[in-house]
Structures are given as structure tokens and as C-alpha cells.
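Trainee: Need coordinates for the below:
(2 chains)
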Amino acid sequence: MPPDVSVRDLVKHYVVPERAGGLRASFRSVIRRKHRLVRAVDGISFEVDRGEVVGFLGPNGAGKTTALKVLSGLLHPTDGQVDVLGFTPWDRRAEYLSRITLIMGQRQQLFWDLPAADSFLVNKAVFGIDDAVYKRTVDLLTELLDLGDLLTKPVRQLSLGERMKVELAAGLLHTPRVLFLDEPTIGLDVTMQQRIREFVTAYNAETGATVLLTSHYMADVKALARRVIVIDQGQLLYDGALNGLVQRYAPHKTITVHLEREADLPDLNGQAEILSVEGLQVTVRAGKDDAPEVTGRLLTQLPIADLSVEDPPLEEVIEQVFRGEGP
Amino acid sequence: MRILRIVSAFLRAAILKETAYRAELVGNLFRSVINIGVAVGGLAVVFSHTSELSGWRLEQAMVLLGVYYLVQGIVQTALSPSLNEVVEEVHKGTFDYVLLKPVPSLLLSSTRRFVVWHVADVMLGGAIIAIGLIRLEAQITFGVAAIFIGVMIGGVAIVFSIWLALTTLVFWFVRVENITMIFQLFFDTGRYPVEIYPFWLRQLLTFVFPVAFITTVPAQTITGREPLVAIWLAPLIGVVALLAAARFWRIGLSRYTSASS
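Mentor: The predicted structure is shown next:
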């Protein structure tokens, strides 16, 4: 089976007007604009198989949203090939658009003054959804998202989280096969983020839809995606399993020892840094390559009751990747 | 058939939205009546000093005013709300959702919103036309009525095209509210026959910004006045304007989809 999404050497450059702050610069820019080239996406390739959930990670401005917009047909790429479900997205063929959805956490499509149910009916007409299919889908979404009576309240009366749930439902009425979710949990409280995550997992399991999502929140990606794609400054830094990311990028390991009795710490040759000494518990950090040697030395020279070697937390690793401190 | 279903879904939502604010609905209807009352009163004042205005009699000028409100009502009910929405959505970035729908973007962008109470302008405009025609004791044959309707459709097409073209500028300049105000300024000149304006302005309003085809020409057609220009020009210009505006829209859109972020 061919992959649902296939991206080859995707490039998207923008030309944006640029001007310095201040009144004088403003006036000057009215007459003569300076422009700057932004390499939002600069040659990335990847594939996503049917039913996969893939997390797009990257700092602000990394090119995640741009990539999703190209995939959903909103933007023409500067260069490269993209194939989603056998279509070229930016042709924006009706057959294509009825098979995908792009849901943006920061942009709403529902009528503000009306209950969501009324907006749903508009989408039903626009996508040409059968009555029976429509009813089944709304029932499924109501159950998975626990919509209850949210659909009959004017959207403006809903809380931020409730609105996001209803927006998600609106974007899924036509039962798309590929979901592009751009920051679906942004600005939501922790409980609601959790709900949205559970929903995406359940929806993916229920419908077998392919999901590509971007998020700022590591918890989102950790909970949802077994596979992550890390991009930064338009370039692909990593594509693979979530735990592989840690193994590859974590530059050090944390070694924690419990001593049987008090003892002087051995000389660590500057190969490790002592993070803390709390009673009989000592924590040191060693470079990934030095970790075995440091561990060995600790074992032979100290009366050890227990020893553990751990990778640093994922959040820390990601942050390091984004700061450009990769291996 | 599909298109009809889509438009009726939008229309339904629009009616629900308007009726959700009943006070506003009543207030706006009231404003329409006052507006049109004042305009007719203004005409009566002018014609109390003269029996003819550049060859137009009071009843003929009334018909023209009726055409003006009829067209304005159609524009404000069905066309400008949708197109204004485009401008707003491009600002907010939600225009993306329009492009994500499996329906031609121009169709969606021009039929999405209706401000239902403006239908009052359409009805009042029709009523003024009827009163004018009755007082003229005009003999309206089926043929004349058909030509009138054809010319009116041409006029509405011209208005829509201009408005669409101005809206399309949003893809380059992002802020275009002021441009649509300029349109309203020109359109307002359509309350009076173009003959009353000085030569240069008359030319401008006929050939550059063809307000003449929107009100003066239809009113001439049905009141039996000597037409300013050949009648068949009106629907022809309407069709040409529509095609040109649709083409311009596509150019703007391709700019949006290659440059937005």
C-alpha cells in the first residue's frame, strides 16, 4: 500500500516586507519596501503510512504550520513534490479536499452567534454529506468528544475548551481520511488538553485515519505520537521513534547512586559533574560516551547499595535540539 | 442542485442569525424606512422648485430612485456581506477554511452571508418604482418588462463585479475597507440621473465606473425615456465585468496561496 502522505524535497520560501521600527522607517517603507527571503521550509522529505499518528515538533517559526498548509493545499510550494492520497494538494481538487481536514487551534470556522449545530448543517451541505452518514458521524463525534448539549448552545457562550471540541467535530464531519491538526490544544487547560488527546487517539483507533499534528506541548506528542518529525529552521532534524530521539540527542546521562554508608567521592577526572549530594544519595551527570567508565569507577570505588543510569527527560532533550545543541 | 443546497444552508443560517437579535432587526427595518422616506422627500422638495431635472420628471426620478434602492438592497442583502467577510477573514487568517472546502472559492465567498433585513430596501425600492410608474400612467408591455429585468440583472452584475474586484485587492494590500468606501461614494451618485452631472463626471460614471448602467439606464428603459446608450450594452458590460472580475479573483487567490503564512 502506498503511503498516505509522501513529501519529497519540499521547499517553501516567502518574500516578506521588512522594515526597522520607528516613524521614519515606516514612512520610508511606504515608498520603498525592502524585502527579505524567509526559508520557512527548506528541503524536507518524509512519508506517513495509513493510520499512523505523527507528531511535528519544532520551535516557533520552524516551518511546521507552513508544511501543514502545503500538505492541505493552502500554499503552493516553492519546490518539491507532495503526494497525499494520490493527489497534489495545491490543485485543491474537490475530491481531495473532501478526504482531508486541517484544524487550526487558533482559527475558528464556526458561526460565532449561532449554535454549532447550525454551522454543522452548512458544512453538511458544503461537503454534500448524506443524511444517514451525517447522523452517524455526529453521533460518533458526540460520544468521543462528550459533546452533550454543546451543539445547541451559541458558540459565543462556550468556554475555550468546549469551543475547541466543537471545532474539532466541525472539521471531522466529512470523515476525512487524513487529519492535519495544527496546535489543537493551544491555550487549553491541562484537563482539556488531556481530553483532546484521548479523543485523537480514540478517533484514530476508531476510523483508522492518518494524523499529522503539530504542538508546542511535549505532553501532546508523548501521548499521541509514536513517531516524531523534528524540524527547525525549515530543515528536518529527526524522523523516527520518540524514544530514539532521546537516545540520539541526549548528550549526557544521569547516574544516581545510593551508598551503603558515607564515603568520599572518587576523583571523576572531570568526566562527570556532581549534581547533588543528599545524605547517601549522589547524582552525577556524565557525557554519553563517558557514562560507562564513570559508572565503572563509581561501582569499584564506592560502597554502593543501588545504582541507576537514566536519560534526561524528553522535554530537556527537545529543548536542546531546538537550541541547536545536537550531537 | 448542490449549489442550491449550499446557498440555502447559508441562507438558513443567516436568517437564524438575524432573528437571534430581534431588537437589531426592528431597528434596521426602521432605519430603512426612514432612509428611503427622506430620499423621496428630498426629490419632492427639488421638484417643488422645478418640473424637470435635466429632462427628468418627478415620477421618472422616483422610478430611478426606486431602482437605486432595489439594487442597493440586493447588494447589501446578498453581495456585500459575503465579500466583506472575505476581507475580514483574510485579516484573521480564517479565509483558509474557505479554501479547504470542496466548493469553488468564489462561489463560497460570494454566497456565504446574507443580511436579511436589507430585503426591506428591495421591497421599498420596488414599491417606489411601482408608484412612479402608476403616476406616469406608463404602459408596461411584457417586452419592456423583460428588457428592464435584463438591464437590471446587467446592472447588478456590474455592481457585483466592481465590488468583487475591490475585495480581491485584499490579497495584495490586506486592508481594503477604505476602498469599498470609495465604491459606496461612487454608487451614491446613482440616486440621480447621470445627466445632471457635469460632462466629465458623466463620462466617468458611464464608462469608467459605470454607475449609469446600474440606475440611469434601467430607469430610462422602463419610463420610456430616450436611452443614454444602446440598451444591449448593459447586460453585455455586465457579463464582461463578471468574467474580468472572476479572472482577477483567480489571480489574487494564486497570490494568496503562494504568499500567505
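
Trainee: alpha carbons only for contacts and neighbour counts from here, please
Mentor: Fine.

Trainee: what residues are up against residue B:158?
Mentor: Residues near residue B:158 by C-alpha atoms under 8 Å, 6 or more residues apart in numbering or on different chains: B:210, B:214, B:237, B:238, B:239, B:241, B:242.

Trainee: Who wins on neighbours among those residues?
Mentor: residue B:214 (28 neighbours; other C-alpha atoms under 10 Å in any protein chain shown).

Trainee: Please report the distance of it from chain A.
Mentor: To chain A, residue B:214 is 32 Å away according to C-alpha to the nearest C-alpha, to the nearest Å.

Trainee: Kindly report the same for residue B:163.
Mentor: 24 Å.

Trainee: ok, back up a step: adding distance to residue A:158, pLDDT and secondary structure, write the contacts of residue B:158 out as a markdown table.
Mentor: Below are the contacts of residue B:158 laid out as a markdown table (distance: C-alpha to C-alpha, whole Å; pLDDT from 0 to 100; DSSP: H, G, I helix; E, B strand; the rest coil):
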| residue | distance to residue A:158 | pLDDT | secondary structure |
| --- | --- | --- | --- |
| B:210 | 47 | 86 | coil |
| B:214 | 45 | 90 | coil |
| B:237 | 48 | 90 | helix |
| B:238 | 45 | 91 | helix |
| B:239 | 45 | 94 | helix |
| B:241 | 44 | 93 | helix |
| B:242 | 41 | 94 | helix |
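
Trainee: Between those, which sits nearest chain A?
Mentor: residue B:242 (23.0 Å; C-alpha to the nearest C-alpha).

Trainee: what residues are up against that closest one?
Mentor: B:157, B:158, B:160, B:161.

Trainee: Would you agree the third one is in contact with residue B:78?
Mentor: No. Taking contact to mean C-alpha atoms under 8 Å, the distance of 9.9 Å between residue B:160 and residue B:78 leaves them out of contact.

Trainee: Name the residue of the stretch 151-261 of chain B with the shortest distance to chain A.
Mentor: For the stretch 151-261 of chain B, C-alpha to the nearest C-alpha, closest residue to chain A: residue B:257, 4.4 Å.

Trainee: Let me see the contact set for that residue.
Mentor: The neighbours of residue B:257, taking C-alpha under 8 Å, 6+ apart as the test, are A:74, A:75, A:76.

Trainee: where's the last one relative to chain B, distance?
Mentor: If I follow you right, that is residue A:76. Residue A:76 is 5 Å from chain B, by C-alpha to the nearest C-alpha.

Trainee: What's the local residue count around residue A:311?
Mentor: With other C-alpha under 10 Å as criterion, residue A:311 counts 17.

Trainee: Per-residue pLDDT of it, please?
Mentor: Note on residue A:311: pLDDT of 80.

Trainee: Ok, residue B:188 next?
Mentor: At residue B:188 the predicted local confidence, pLDDT, stands at 89.

Trainee: Next one: it from residue A:259, what distance?
Mentor: Distance of residue B:188 to residue A:259, given as C-alpha to C-alpha, to the nearest Å: 90 Å.

Trainee: same question, residue A:73
Mentor: For residue A:73, the distance to residue A:259 - C-alpha to C-alpha - is 60 Å.

Trainee: what's the answer for residue A:45, then?
Mentor: 50 Å.

Trainee: can you pull out the strands in the chain?
Mentor: No chain specified, so I'll use chain A. With DSSP state E, the ranges of strands along chain A come out as A:5-18, A:34-48, A:53-57, A:79-84, A:100-104, A:178-182, A:210-214, A:227-232, A:235-241, A:252-259, A:272-278, A:281-287, A:304-310.

Trainee: To clarify, I was referring to chain B.
Mentor: Going by DSSP E, chain B shows no strands.

Trainee: need the contact list for the closest residue in space to residue A:79 that isn't next to it in sequence.
Mentor: Excluding the flanking residues, the one nearest residue A:79 by C-alpha to C-alpha, 6 or more residues apart in numbering or on different chains is residue A:11, at 4.9 Å. Counting by C-alpha under 8 Å, 6+ apart, residue A:11 touches A:39, A:40, A:41, A:42, A:43, A:44, A:77, A:78, A:79, A:80.

Trainee: Mind doing that once more with 6 Å?
Mentor: Neighbour list for residue A:11: A:41, A:42, A:43, A:78, A:79, A:80 [criterion: C-alpha atoms under 6 Å, 6 or more residues apart in numbering or on different chains].
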